[in-house]
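> When you get a sec, could you give me coordinates for this:
(2 chains)
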Amino acid sequence: MLTLILLAIPLFAAVLSMAAGAKNARNLALGAGILELIITLGAFFLNGKEGSETWLTFNREWIGPLGISYAFSLDGISLVMALLVALLLPIIIYASFNRTFKSPHYFYGLMLLMAASMMGAFTTTDGLLFYVFYEFALIPIYFMILYWSEHPNKAKITLKFFIYTLFGSLFMLVSLLYLYNISGSFNMQALYEAGRSLSGSEQGWVFAGFFIAFAVKIPVFPFHSWQPATYDSAPTAGTMLLAGIMLKMASYGMVRLVVPALPEGVAEYGTWALALSAISVLYASGMAIAQQRYKLLIAWSSIAHLGVLSAGILSGNAQGIQGGIMEMLSHGILSVALFFVYDIIESRMNHDDMSKMGGIREVNPLFAFLFFIIVMGSVALPLTSGFVGEFLLLLGFYQVSPWLTAVAGLTVVLGAVYMLRAFQSMMLGPANSATQSFAPLNSHEKTVLTILVILIIALGVYPDPILSVANPSVESLLQGLNR
Amino acid sequence: MEKLVTLIPLFPLAGFLFITFLGKGLSKNFIGGIGSGAIFLSFVVSILVFTTQMHGAHPTVVKAFDWITAGTFDIDISFLVDPLSAIYLLFITGVGFLIHLYSIGYMHDDEGFNRFIAYLNLFVFFMLILILGDSYLTMFVGWEGVGLCSFMLIGFWYKDMKNNDAAKKAFIVNRIGDLGLILGMCLLFAYTGTLRYDELFISERAIGGLPTEVATAIGILLFIGAMGKSAQIPLHTWLPDAMAGPTPVSALIHAATMVTAGIYMVARSSNLYAMTESAGDLIMWAGILTSLLGATIALTQNDIKKVLAYSTVSQLGLMFVALGMGAYSTAVFHVITHAFFKALLFLGSGSVIHGMGGEQDIRRMGGLKKHMRTTHLTFLIGTIAIAGIFPFAGFFSKDQIIAVAFEENKLMFLLSLVVSACTAFYMFRLYFLTFHGKFRGTHEQEHHLHESPAVMTLPLVVLAVLSVVGGFIGLPHAVGESMHMHWHWLDHYLDGTVVMPALHMDLNTELMLMGLATIIAVGGIYLAWLKYSKRGELALEDKDITSATHKLMLNKYWFDELYNAIIRKPVDAISKALGSFIEPKIVDGLVEGTGAATDAAGGKLRLLQSGSLFFYILAFVVGLIALLLYI
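Have a look, this model is predicted:
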């Protein structure tokens, strides 16, 4: 029941927003986001309680003859993913209050639509429905960039993004249909059994289809090249939605579909995917070091972290998967935080060229303090959320491939190289004529940054509520996989 | 009693939070009182905990809360109280308290006073977590946390980019070591299924079944972490640069406590290292090379803090030599005495710098003993202690290392004697050039010369006393017998916690070695006295240096330049190539090429893509609602 409510709230709020017009659109969206968060927290509370089944799952036959059902479930893994959506949605909406948008009722309506389809993808237990939600989410973000971006190249960039990811997803559809041919149902349990019944090399091919689709969206080298330009051109709220939540659908898909359905395909034929993930870390770190602009730097740093994520999940053991779940949540929070820092800087300086800044700490110590904690989260310092995920991912990855882990582990060093350089060149040193007038944070910016920073630390110090909710589901997901 | 251990890290954490969030507008003395008071409370509790351990209480794990669960991987934030952690607690909080006290005076006129005390509190918190953590991962929390504080304190004066560069270098070099440590933990977990000390070494002896090669690999990976934190070759280059931070930081973090974390970790893992000869050999060689490198560079440095920094590098190297030979408690012994006299020397140098108005070049000093009596006397005691003169603290701990080397490896024995000779020489060179002879600074400096306030000299005096008597916790057999005192107390205390080497040295050999060490130290002192006091020679100005060896040492064996050439520049060049060619021309170029090729065919698709916004949103919403209503 709650799953339907979680889907319905953003959907109807979106309709309402578009119908009601520009006035109060943002407050409506924020209200819907907060309601969504409350319901999700309620579901968290219900988890594991007796008789909570009826609240947390929903299953109705949809297109019976084709084995498609309208099935949702909030197990431990989906709960954390739902939390990712419901936690970040109101924060992203509130963060965007800083700017005014033309036709805000459409803008916020699209955001809510996106949230609805992401919520659907994270909670459904039907393979086809997952695919549908996965693809639907593209449409609102496409329009958000196209109509609200001020980038001169936005038309070309959005088209490339759209076609690239749409094209990638076709590989997933092929793999899904291959499994469906055997199972006769899109129910995920049936898909798992179908996948496991395949020979190793068949699993390898099906895996390849899934991986290409997900690798485009995560993104993993060499399928990443749509990402930096898209992040750069999107309005900040769009970038936050993309980096914070939407792209997690792909890594979630690996957890939900690939690992349990194709254990041998991943283990015996997936080494190339692990290698690509590890290369992704190095490549994106190198690119991040080369950037002069802050927004592009964090776009690349995002790819570097997601390489570790992809590798850890594909290692297919409890540590890798748990790390993946934690990292998806943490990376979402950190991405929103890092891009919000961009928004704050850009709104004051009108550019994000790091070499032209410096000394902001002297002028605005509070901002520098909060930004520093975010940077520490990004370099995965213990007691920040970033550490828990990244360490578990590396721990999981190591059990499968020690040498590639050593390569991917270089993120520990290289991440510090580019993040500290970014922080120091913008915040430290003497202030120059441009940064001297860097305005103090307004109360609204303070609120958003403070909430994000508290989340980063709270989840790092005490991640147990997340991990212990996910752990039983991860163990049942991996049951019978001999890992 | 052990339950109280949770309080020990909580006091400094509370101090940090209080000063950071509520400290605005409060007087500096009050803030200083809060900061030092927090550490003092930790010190008091540490004494209680230590006393129970001294009287043979069993090691206890005190759980704070659940932390990370993933399948069979399960780590809590828990604290292990055992003899090793208890003695570390004692000297960290004790020395930490003195340095906090000193900072009240030293940093009094700094606008960032509150921030400084807050950071110091946070540092002590993390250091205590490092020591108390009951697993490698909990230790790693403290390990990274002290690195963070080190970073913030090296770059404390952040308006000067040079300080920020030094801070960044420290962080990044440490991170290289941390990667080794992380991989070491991964390997350990892959084979044993746990990272907890008691499961690994005591209750289940999970390391029992490790194949030797694996034990060696784990040992080496963990040691890479130690190389970073404890500044061993090739990851030593950050420590001298770290002197950019305020002097109390150098004393607390970069001499007495944090940099000895690597020694702590290896000693904590003594059961593991006892299983592998090769890892021990590697540690021993890295240690002696670092020690020689530090000692020879220190001979030529003219910045008072740089001399002490290289001296620290060198002494840390000696501790690793002891670890590598399996003498874990000996290394811990030297950690403790070194904490006393090196903190003393750094604080003394801070007092000198304070009196000199910020001057750090010993070529601009001289004759300071007349103006700074307490600083001079205590500095002299520290110098004698580090040089290894009986019965000062450094004598006993260093002598024990030399004795172990004599038994285990004659080459190590000879090389550690060379280090001893250098140490005595450069320390007395520093002492004579600073405190004796004529004053060589400006008139203005001479006019301003003054002894530091009592809040700074009191810690000097306490540390000086400890530098005299601190060695008695490890009296050698020969001395202990004859003085009817408890000999090798520390070894007995740590027995069962760390692995003990089986050394059986007869009294005559012991006496002979002590004599030899003394002769070497006195020789070094004599040469320094001859050159810098009797003949009154001065250290050369940089431009007057012609000898190639001298230049080599002055320039620190060109390590920084080497790393720039083989690491930093290639990394920059590669990322530049990625950014300007490989990504746009190849990786993305392929994608763009495919796009262009299908452009003609994509004409229709594009038509679809540019329809009206309203139409698409409508279609989308209708579709979704239809989905929902179907049920």
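> In the stretch 101-250 of chain A, what residue lies closest to chain B?
Closest contact between the stretch 101-250 of chain A and chain B, by CB to the nearest CB, is at residue A:225 (3.8 Å). Every C-beta, even on glycine, is put in place using the N, C-alpha and C of the backbone.
> dump the residue contacts of that residue.
Applying CB atoms under 8 Å, 6 or more residues apart in numbering or on different chains to residue A:225 gives the contacts B:583, B:587, B:588, B:591.
> show me where the chain has strands.
Just going to use chain A. Remark: strands assigned in chain A by DSSP state E are A:57-63, A:68-73.
> Chain B is the one I meant
Assigned by DSSP E, chain B shows strands spanning B:60-70, B:73-81.
> highest average neighbour count across those?
Stretch with highest mean neighbour count among the strands of chain B: strand B:73-81 (a mean of 22; mean count of other CB atoms under 10 Å in any protein chain shown).
> pLDDT-wise, what's the bottom of the contacts of residue A:225?
Among the contacts of residue A:225, residue B:591 has the lowest pLDDT, at 80.
> So what's the residue count around it?
17 (other CB atoms under 10 Å in any protein chain shown).
> What of residue B:54?
Other residues near residue B:54 come to 14 when the count uses other CB under 10 Å.
> just residue B:567 next, same as before
For residue B:567, the neighbour count with other CB under 10 Å is 11.
> go on, residue A:201?
Residue A:201 has 11 neighbouring residues, counting by other CB under 10 Å.
> now residue B:358
Neighbour count of residue B:358, defined by other CB under 10 Å: 8.
> Could you do residue B:530 as well?
Neighbour count of residue B:530, defined by other CB under 10 Å: 11.
> do the same with residue B:478
The number of residues packed near residue B:478 is 19, by other CB under 10 Å.
> And for residue A:465?
14.
> same deal with residue A:189?
12.
> could you list every residue that touches the nearest residue in space to it that is not next to it in sequence?
Nearest residue to residue A:189, sequence neighbours excluded (CB to CB, 6 or more residues apart in numbering or on different chains): residue A:125, at 7.8 Å. Contacts for residue A:125 (CB under 8 Å, 6+ apart) come out as A:59, A:71, A:72, A:73, A:187, A:188, A:189.
> For the fifth one, give me its contacts.
What it means is residue A:187. With CB under 8 Å, 6+ apart, residue A:187 has these contacts: A:67, A:69, A:71, A:125, A:126, A:127.
> Tell me which helix or strand in chain B has the weakest average pLDDT.
helix B:603-609 (a mean of 51; mean pLDDT, DSSP states H and E).
> where in the chain is pLDDT low?
No chain was given, so I picked chain A. The model of chain A has pLDDT under 70 over residues A:480, A:482-483.
> hmm, I had chain B in mind actually
For chain B, the ranges with pLDDT under 70 are B:1, B:483-486, B:598-631.
> Which residue would be the closest one in it to chain A?
The nearest approach of chain B to chain A comes at residue B:71, 2.4 Å away (CB to the nearest CB).
> Now do residue 180: how many residues are near it, please.
No chain specified, so I'll use chain A. Around residue A:180 there are 21 other residues, counting by other CB under 10 Å.
> not quite, I wanted chain B
For residue B:180, the neighbour count with other CB under 10 Å is 22.
> can you pull the contacts of it?
Going by CB under 8 Å, 6+ apart, residue B:180 touches B:220, B:221, B:222, B:223, B:224, B:225, B:227, B:228.
> what sits against the residue nearest to it when sequence neighbours are not counted?
Distance criterion CB to CB, 6+ apart; nearest residue to residue B:180, sequence neighbours excluded, is residue B:224 at 2.7 Å. Shown in contact with residue B:224 (CB under 8 Å, 6+ apart): B:176, B:177, B:179, B:180, B:181, B:184, B:235.
> and the closest residue in space to the second one that isn't next to it in sequence, how far is that from residue B:286?
Read it as residue B:177. If the residues on either side of it in the chain are set aside, residue B:177 comes closest to residue B:228, at 2.0 Å by CB to CB, 6+ apart. Distance of residue B:228 to residue B:286, computed by CB to CB, to the nearest Å: 12 Å.
> Neighbour count: these two, which is higher?
The neighbour count for residue B:228 versus residue B:286, taken as other CB under 10 Å, is higher for residue B:228 (27 against 23).
> pretty sure the more buried one is touching residue B:234, no?
No. Residue B:228 is beyond contact range of residue B:234, at 10.1 Å (criterion: CB atoms under 8 Å).
> related to what we said a few turns ago, how about the residue of the stretch 101-250 of chain A closest to chain B, nearest residue that isn't a chain neighbour?
Nearest residue to residue A:225 in three dimensions, chain neighbours excluded: residue B:588, at 3.8 Å (CB to CB, 6+ apart).
> burial count for residue 318?
The chain I'm using is chain A. 23.
> My question was about chain B, not that one.
For residue B:318, the count of nearby residues is 30 (other CB under 10 Å).
> need the contact list for it.
Per CB under 8 Å, 6+ apart, neighbours of residue B:318: B:287, B:291, B:334, B:398, B:401, B:416, B:419.
> Try it again at 10 Å.
Going by CB atoms under 10 Å, 6 or more residues apart in numbering or on different chains, residue B:318 touches B:287-288, B:290-291, B:294-295, B:330-331, B:334, B:338, B:397-398, B:401-402, B:405, B:412, B:415-416, B:419-420, B:423.
> With residue A:368 instead?
Residue A:368 is in contact with A:359, A:360, A:361, A:362, A:375, A:423, A:426, A:427, A:428, A:438, B:158, counting by CB under 10 Å, 6+ apart.
> Correct me if wrong: residue B:407 contacts residue B:400.
No. Using CB atoms under 10 Å, residue B:407 is not in contact with residue B:400; the gap is 11.0 Å.
> re the thing from before, shared neighbours of residue B:228 and residue B:286, anything?
Shared contacts of residue B:228 and residue B:286 (CB under 10 Å, 6+ apart): B:235, B:236.
> For residue A:330, which residues are in contact?
A:84, A:305, A:323, A:377-378, A:380, A:384-390, A:455-456, A:459-460, A:463, A:466.
> returning to that earlier point: right, and the pair among the contacts of residue A:187 with maximum separation?
Across the contacts of residue A:187, no pair lies farther apart than A:67 and A:125, at 12.8 Å, counting by CB to CB.
> which neighbours do those two share?
Counting by CB under 10 Å, 6+ apart, the shared contacts of residue A:67 and residue A:125 are A:186, A:187.
> Could you report the separation of the closest residue to residue B:572 other than its chain neighbours from residue A:372?
Counting by CB to CB, 6+ apart, residue B:572 lies nearest to residue A:289, which is 7.2 Å off, once chain neighbours are set aside. Plainly put, residue A:289 is 20 Å away from residue A:372 if you go by CB to CB.
> who's in contact with residue 114?
Just going to use chain A. Taking CB under 10 Å, 6+ apart, one finds A:10, A:14, A:85, A:89, A:136-141, A:144, A:238, A:241-242, A:245-246 in contact with residue A:114.
> hm, I was asking about chain B
Contacts of residue B:114 (CB under 10 Å, 6+ apart): B:19, B:20, B:23, B:24, B:25, B:26, B:28, B:31, B:32, B:34, B:35, B:107.
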